[in-house]
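**Student:** I would like to see how this sequence folds:
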Amino acid sequence: MNYTDVMNALKTASLFDLFRLGIAISHEVENPDRIKAARLAFKVGDTVSFFDENENGLRPGVVIEKNIKYVCLRDEKDPYRIWKVPYCFLNLGKVNTDIHCQHREKLTKNHLKIGDCVGFNKDGRQISGVVTRLNYKTVSLITADGHRWRAGYGCLYKIIDADLAKRIAELNLID
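**Tutor:** Residues are numbered from 1 along each chain as shown. Here you go, the predicted model:
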């Protein structure tokens, strides 16, 4: 499924349309047949990816226990962290979960994830950094020199800067 196309189609939906679709989707997410099929698609010890809504992206985890409605995963990035997530969080089909914005479209929380490189203009100078947190109205980011900033989604633009991301990762500046 192309999530960018779905989000573009939803832009013309009314608030009621979105609410109604949300109810229909929640019924499908709770469908016992779908949950059973997901539960049977992997076994304990397998590595799966799951969607972390705080990071707005996928995380890898090793299955340590399967329950009726939830699966327990050991986080591959942080082996001391255990996640208990519903089966609907699992990306068993290895689907690309990114939502891209159209040319000249302002960024929203759906377009960004933790670790993305972004930039914004502050008093005529360009500030660039790596996203550390997605807040309700703003993004928290950190620059290569360790300065922390918060900027509104509408002020940001995505940048491709592998050096910036690497420098920040080396300095362990991301929480």
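**Student:** What's the biggest helix in the chain, counting residues?
**Tutor:** helix 15-29 (DSSP state H).
**Student:** Compute the number of surrounding residues for residue 53.
**Tutor:** Neighbour count for residue 53, taken as other C-beta atoms under 10 Å: 8. To be clear about C-beta, it is placed using only N, CA and C from the backbone, and glycine gets the same treatment.
**Student:** swap that for residue 85, please
**Tutor:** Close neighbours of residue 85, defined as other C-beta under 10 Å, add up to 17.
**Student:** mind checking the SS state of it?
**Tutor:** strand (DSSP: H, G, I helix; E, B strand; the rest coil).
**Student:** mind listing what it touches?
**Tutor:** Contacts of residue 85 were listed using C-beta atoms under 8 Å, 6 or more residues apart in numbering, and they are 50, 70-71, 73.
**Student:** Not including adjacent chain positions, what is the nearest residue to the residue sitting nearest the centre point of the chain?
**Tutor:** Centroid check for the chain by C-alpha atoms, centre = their mean gives residue 56 as the closest residue, at 1.4 Å. Closest residue to residue 56 apart from its sequence neighbours, by C-beta to C-beta, 6 or more residues apart in numbering: residue 113 at 4.2 Å.
**Student:** Looking at the record's assignment, how would you partition this structure?
**Tutor:** Domains of the chain are assigned by automatic domain parsing as 3-89, 109-170.
**Student:** looking at the ones you listed, which is buried most?
**Tutor:** domain 109-170 (a mean of 15; mean count of other C-beta atoms under 10 Å).
**Student:** So what's the gap between it and the chain middle?
**Tutor:** 15 Å (C-alpha atoms, centre = their mean, to the nearest Å).
**Student:** Next up, the contacts around residue 47.
**Tutor:** 60-63, 76 are the contacts of residue 47 under C-beta under 8 Å, 6+ apart.
**Student:** ok, which stretches of this protein are strands?
**Tutor:** Ranges of strands in the chain, per DSSP state E, are 47-52, 57-66, 70-75, 82-86, 117-122, 125-134, 138-142, 148-152, 157-158.
**Student:** Redo the ones you listed as TSV? Include distance to residue 23 and mean pLDDT.
**Tutor:** Listed next are the strands of the chain as TSV, based on distance: least, C-beta to C-beta, whole Å; pLDDT from 0 to 100:
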stretch	distance to residue 23	mean pLDDT
strand 47-52	20	95
strand 57-66	26	95
strand 70-75	22	96
strand 82-86	17	97
strand 117-122	34	91
strand 125-134	25	92
strand 138-142	30	94
strand 148-152	31	94
strand 157-158	33	88
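**Student:** Among these, which comes closest to residue 8?
**Tutor:** Distance to residue 8, taken as C-beta to C-beta, is lowest for strand 157-158 among the strands of the chain, at 17.4 Å.
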